[in-house]
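Visitor: any chance you could fold what I've pasted below:
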Amino acid sequence: MKTDSIVNTPFSLPCGQVVPNRIVKAAMEENMAGPGRLPGYALLALYRYWAHGGAGMIITGNVMVDSAAMTGPGGVVLESSSPSDPFERWASVIKSGGALAIMQINHPGRQSFVKLKGKALAPSAVPLNMGRFSKQFVQPKAMSCEEIRDVCQRFVSTAKCAQNAGFDGVEVHAAHGYLLSQFLSPLTNHRQDEYGGCLENRARLLLNIVSQIRATCGKHFAILIKLNSADFQRGGFTIKDARRVIAMLERLDVDVIELSGGSYEVPAMQGQSRDHNTLAREAYFLKFAREILVDTRVPIMTTGGVKQLAVAEQVIEHGCAFVGMASAFAVTPDLPLKWQSKPDYQGVLPYCSWQNKVLVSLAKMAMVRRNLRRLGNNLSTVRDPSPLWSLVQDMWHKRRATQRYLRERARIPG
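Guide: Residues are numbered from 1 along each chain as shown. Sure thing, here's the model as predicted:
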């Protein structure tokens with residue numbers, strides 16, 4: 001990026017760590033784990049591109065806190081029993097270019113595929129409504145209080161393991177319809193106990209996780225939260241709810257809140273909405289970030305469709321501390337460096353003109369993952385991949401990964 005650009009200025013997090021610039025490589029679900037659900041050669045090769053691409057902070061794709069609860073068969077898992085060496089290598093690669101290394105940690109809840117034969121946990125027994133694709137996902141059961149406490153401890157344990165491996169912090173995923181987001185939304189949380197009902201109760205699990213991570217990992221460990229600005233579904237989690245949850249998180253000294261939105265049912269993170277909210281072509285969630293910035297001192301990051309330096313600068317000028325970028329980094333992993341010599345250079349985002357919104361969402365993710373796999377194999381990226389061929393390839397890779405995942409789980413005692 002041009003040296004006098006506002007996105008090139010450093011930023012000090014509340015925990016004391018300094019981010020060298022305002023560009024963040026946001027999380028993407030790579031599904032590229034090696035044997036044992038560990039980071040292997042392909043994932044390290046991919047992150048080496050990003051490490052030397054000019055971003056100030058790099059957030060990993062979601063790392064699962066429970067090997068029996070996966071968003072996809074090729075996901076990385078970090079549990080207390082996981083070997084540390086692969087994660088130490090991962091952290092070292094990410095930090096090799098000067099960026100901070102942040103591990104995103106997650107639990108899918110009801111957004112888990114039937115074929116993975118894993119835990120089907122959710123705050124309430126509300127299945128996904130994906131039309132004719134609904135049967136691909138688990139029928140969830142309402143969690144017991146013991147299961148809720150177990151999940152809380154798993155998040156804390158994974159955060160501590162990440163810290164021991166050399167990561168600078170974690171991002172707790174409470175967006176996109178995953179488990180913590182399910183607790184926050186009245187559409188998916190129908191509980192009548194201390195974890196349901198009013199927003200304070202629905203936020204209890206997230207707040208417990210954050211406070212325990214801070215107590216376990218110390219005041220200098222960065223804690224980021226990925227939070228929906230809204231569900232973009234009628235009767236769901238709203239911008240007013242987000243503002244109240246952020247006020248609760250502010251009291252827990254979180255370092256950054258990344259604003260996103262949507263879920264598998266409504267993929268607003270890809271620019272789609274179901275509640276008549278109009279999302280911009282770039283920086284989808286900036287409108288909502290501007291509303292939230294009025295009320296909070298917590299540094300805010302917004303992500304969604306950014307591919308131009310001018311738009312990134314606009315995000316910072318409107319008061320956000322960071323601009324998150326994801327899909328554009330799948331095609332151009334060194335986009336911030338390109339902006340230094342060519343400020344007008346535009347990144348590339350996946351495009352699909354199909355009519356079915358679910359298929360469009362699947363195709364776009366497949367196109368991104370196709371390029372991530374190419375980078376992991378040290379191949380050049382494809383600027384305009386075929387949506388259909390990308391989807392076919394992704395289904396083939398997912399099938400192979402599912403077979404390997406089920407074989408590996410079958411070998412685990414108990």
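
Visitor: quick one: the helices in the chain, in order.
Guide: When secondary structure is read from DSSP state H, the chain shows helices at 41-51, 85-95, 145-165, 179-184, 199-202, 204-217, 239-250, 286-293, 309-317, 327-331, 335-341, 357-376, 387-410.

Visitor: buried deepest among the ones you listed, which one?
Guide: The highest average neighbour count among the helices of the chain, using mean count of other CB atoms under 10 Å, belongs to helix 179-184 at a mean of 27. For every residue, glycine as well, the C-beta is placed using N, CA and C.

Visitor: pull the CA atoms of it into PDB?
Guide: C-alpha atoms of helix 179-184 as PDB (Å, rounded to 0.1, in the frame of the first residue of the first chain):
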ATOM      1  CA  LEU A 179     -22.700 -22.600  18.300                       C
ATOM      2  CA  LEU A 180     -22.000 -19.300  20.200                       C
ATOM      3  CA  SER A 181     -24.100 -17.400  17.600                       C
ATOM      4  CA  GLN A 182     -26.900 -20.000  18.100                       C
ATOM      5  CA  PHE A 183     -26.900 -19.200  21.800                       C
ATOM      6  CA  LEU A 184     -27.100 -15.400  21.000                       C
END
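
Visitor: on that earlier part again, between the helices of the chain, which gets nearest to residue 229?
Guide: Across the helices of the chain, the minimum distance to residue 229, taken as CB to CB, is reached by helix 286-293, at 3.6 Å.

Visitor: tell me which residues are up against that closest one.
Guide: By CB atoms under 8 Å, 6 or more residues apart in numbering, the surrounding residues in contact with helix 286-293 are 229-230, 239, 242-243, 246, 259, 261, 280, 300, 302, 314-315, 318-320.

Visitor: save the helices of the chain as a markdown table, and put in distance to residue 10 too.
Guide: Written out in a markdown table, the entries for those read as follows (distance: least, CB to CB, whole Å):
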| stretch | distance to residue 10 |
| --- | --- |
| helix 41-51 | 18 |
| helix 85-95 | 16 |
| helix 145-165 | 23 |
| helix 179-184 | 30 |
| helix 199-202 | 35 |
| helix 204-217 | 23 |
| helix 239-250 | 22 |
| helix 286-293 | 20 |
| helix 309-317 | 12 |
| helix 327-331 | 20 |
| helix 335-341 | 14 |
| helix 357-376 | 27 |
| helix 387-410 | 37 |
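
Visitor: what's the least confident stretch among the ones you listed?
Guide: Mean pLDDT across those is lowest at helix 286-293; the value there is a mean of 81.

Visitor: any idea how far the closest residue to residue 65 other than its chain neighbours lies from residue 69?
Guide: Nearest residue to residue 65, sequence neighbours excluded (CB to CB, 6 or more residues apart in numbering): residue 154, at 4.0 Å. Distance check for residue 154 against residue 69: by CB to CB, to the nearest Å, it reads 9 Å.

Visitor: likewise for residue 308?
Guide: Using CB to CB, one gets 37 Å for the distance from residue 308 to residue 69.

Visitor: residue 173 too?
Guide: As judged by CB to CB, residue 173 and residue 69 stand 13 Å apart.

Visitor: can you pull out the strands in the stretch 1-150 of the chain?
Guide: For the stretch 1-150 of the chain, strands defined by DSSP state E, counting those that start in this stretch occupy the ranges 11-12, 18-19, 23-25, 57-59, 63-64, 76-77, 100-106, 121-122, 141-142.

Visitor: how about a markdown table for those, with mean neighbour count added?
Guide: Output for the strands of the stretch 1-150 of the chain, formatted as a markdown table (neighbours: other CB atoms under 10 Å):
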| stretch | mean neighbour count |
| --- | --- |
| strand 11-12 | 14 |
| strand 18-19 | 18 |
| strand 23-25 | 28 |
| strand 57-59 | 28 |
| strand 63-64 | 26 |
| strand 76-77 | 23 |
| strand 100-106 | 26 |
| strand 121-122 | 25 |
| strand 141-142 | 15 |
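
Visitor: so which of those strands comes closest to residue 180?
Guide: Ranking the strands of the stretch 1-150 of the chain by their distance to residue 180 (criterion: CB to CB) puts strand 100-106 first, at 8.2 Å.

Visitor: list the residues that contact both of residue 154 and residue 69?
Guide: Contact criterion CB under 8 Å, 6+ apart; residues bridging residue 154 and residue 69 by contacting each: residue 107.
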